[in-house]
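Colleague: okay, predicted coordinates and the sequence, questions at the end:
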Amino acid sequence: MNVVDCPICQKRFLLGRSSMLWFGNTDHGPRALVECANGHQLIEDYRSGQTMVAQGPVEQIPARPTSQTQPC
Ligand SMILES: [Zn+2]
């Protein structure tokens, strides 16, 4: 469970698991791609605590699923 502030709706939503489209570690730190109840795609940046509107293609976030973390 997660809570997101949608800058477009200017509302706070409680998100279920199905609203979490992607999450993982990026070069910018841990990030999640989530969808608000009105279908806006948002990027949550856990390092800065900011929520950004996802601009353009989702490929902005490198596809690096957490399930495939490799030992250092
Ligand atoms: Zn929204």
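Modeller: Yep, it's here.
Colleague: the helix or strand harbouring L33: which residues count as buried?
Modeller: Assigned by DSSP states H and E, L33 falls within strand 29-35. Within strand 29-35, the residues that count as buried by 16 or more other CB atoms under 10 Å are R31, A32, L33, V34, E35. For the C-beta atoms, the positions are set from N, CA and C on the backbone; glycine is no exception.
Colleague: where does S18 land in three-state SS?
Modeller: helix (DSSP: H, G, I helix; E, B strand; the rest coil).
Colleague: run a quick neighbour tally on it.
Modeller: 7 (other CB atoms under 10 Å).
Colleague: what stretches of the protein score poorly on pLDDT?
Modeller: Residue ranges of the chain with pLDDT under 70: 1, 56-72.
Colleague: go with 80
Modeller: Scanning the chain for pLDDT under 80 picks out 1-2, 56-72.
Colleague: residues in contact with L33?
Modeller: M20, L21, W22, F23, Q41, L42, I43, E44, A54, V58, I61 (CB atoms under 8 Å, 6 or more residues apart in numbering).
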